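Trainee: Here is a sequence together with a model predicted from it:
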Amino acid sequence: PLIGERDSNFRLLARDRREFLLKIVNPAEDVAVTDFQTEALLHIARHDADLPVPRVVRTQAGDAYFWLREPEQQPRLVRVLTYLPGMPLAKLERGPALRRNLGAGLARLDRALGGFEHAGSPTDLLWDLTHAPSLRPLVVHIEDEEKRALVTAVLDRLEAHTLPLTAGLRTQVIHNDFNPSNILVGPGSEGALDQLAGIIDFGDMVRAPLINEVGVSASYHIGEGDTFLEPLKQFVAGYNSVLPLEDEEIACLFDLIQGRMTLTAIITAWRCTLEPDNRDYILRNAGRAWAGLAAAR
C-alpha cells in the first residue's frame, strides 16, 4: 500500500521483476476527471517519450482502465501505471544543479502538455491558484492572529492585482503540484543525485495560466535568510532555459509564489480540523510554507 489523499494506491511487483502502480479510484471521483488525467499521460507519451512520467498500462482489451464491481460496494475505476524508481526530493538536500535540472524538467512537461485539451479539466479544484480568494472563509482555521493577517494580505493582493493580470496570459493544462513529494531524483553522469528521475501524481492537474505552474513549483524552493531568493532563481532559470517566460508572466511570479504558500497554509490548517489523526501527513509542507511567507513579506 502507498499513501494517497483520495485513491487507494498499491505498488505491484510482477514475477518478471517489473514494477507497477495500481490505483483504485475513489468512487466519489468524477469519471471525466480520471479520464482527463489518463489522456494527459497518453498525450505526454506522444510528445516527449523520454520524459520520466508514469506510462499508462492498458488492459488485455486495450483499454486505459476498467471497472471493479464487488457485491454491496460502489463500482470503482481501476488504473495501472508504470512505477518510477528514484529518491523522493523531500528526502534530499538540494543544490543549484539539481534545482536547475528540476526547473528544466518541469518546463519539458509543460511543453509536452501544450495543446492538450479535455472537457474533464476541473473548474473548482481547491488547489487552483486562480480561485485562491474563494478560500477566505477557511482562514478562521488558522489560530494565530498574525498568521491570519499575513495570508489575508496575500489573498487581497492576488484578488485586486495579480489574478486579473494572469487572466490574460498563456493558459494550458498544468501539473499544478510539482512539490518535493511528487518529484523523484536520480544520479547524473558523475554519480551525484542531481537529475530528475520522475514526476508523479497528476491528480491536481488543471487548465490555468502557465505562470501558475512556475509559481506553484518555485514556492517549494524558497531559501532562508538574506539569500532566500537564490534557490528560487536557480529553479526558475532552469525552467526559463527550456520554456522562456514572458515579461508579463515574470511580473506576476512572486505574488503567485506567495499565493501557493498561502494556499498550503490555509488548506492544511482547515484539513487538520477535519482529519486530526492524519495531521502529520497533512502538515508535511506547511512549515516550509509559513517560513517562506515570513521571509517574503
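Mentor: Sure, I can see it. Numbering: from 1, shown residues only.
Trainee: Which residue, other than its chain neighbours, is closest to the most centrally placed residue in the chain?
Mentor: With distances taken as C-alpha atoms, centre = their mean, D177 lies nearest the centre of the chain, 0.6 Å away. Leaving aside its sequence neighbours, D177 sits nearest to D204 (C-beta to C-beta, 6 or more residues apart in numbering; 4.1 Å). C-betas here are computed from N, CA, C, even on glycine.
Trainee: Does A97 touch L193 like I think?
Mentor: No. Using C-beta atoms under 8 Å, A97 is not in contact with L193; the gap is 10.0 Å.
Trainee: Neighbour count: those two, which is higher?
Mentor: Per other C-beta atoms under 10 Å, whichever of A97 and L193 has more neighbours is L193, with 19 against 15.
Trainee: Can you pull the phi and psi angles for the more buried one?
Mentor: phi -80, psi 80 (degrees, to the nearest 10).
Trainee: got the contact list for the helix or strand in which L165 is found?
Mentor: Assigned by DSSP states H and E, L165 falls within helix 163-166. For helix 163-166, contacts defined as C-beta atoms under 8 Å, 6 or more residues apart in numbering pick out L129, T130, A132, P133, P209, I211, N212, E248, A251, C252, L256.
Trainee: Poorly predicted segments of the chain, please.
Mentor: Along the chain, no part satisfies pLDDT under 70.
Trainee: Which secondary structure state does the residue at the greatest distance from the centre of it sit in?
Mentor: Here the chain reaches farthest from its C-alpha mean at P71, the gap being 35.2 Å by C-alpha atoms, centre = their mean. State at P71, reduced to three classes by DSSP: H, G, I helix; E, B strand; the rest coil: coil.
Trainee: Backbone dihedrals for it, both of them.
Mentor: phi -60, psi 140.
Trainee: repeat for L150
Mentor: Backbone torsions for L150, taken as degrees, to the nearest 10, come to phi -60, psi -50.
Trainee: Report the contact partners of it.
Mentor: With contacts defined as C-beta under 8 Å, 6+ apart, L150 is in contact with L293, A294, R297.
Trainee: Show the buried residues in those residues.
Mentor: Buried members of these, counted by 16 or more other C-beta atoms under 10 Å: L293.
Trainee: Sort out which residues of stretch 21-37 are buried, please.
Mentor: So stretch 21-37, judged by 16+ other C-beta under 10 Å, has buried residues L21, L22, K23, V25, V33, T34, D35, F36, Q37.
Trainee: The third one - that's part of a strand, no?
Mentor: In this case it means K23. Yes. With three-state DSSP as the criterion, K23 is part of a strand.
Trainee: L12 is in contact with that one, correct?
Mentor: No. Between K23 and L12 there is no contact under C-beta under 8 Å: 10.7 Å.
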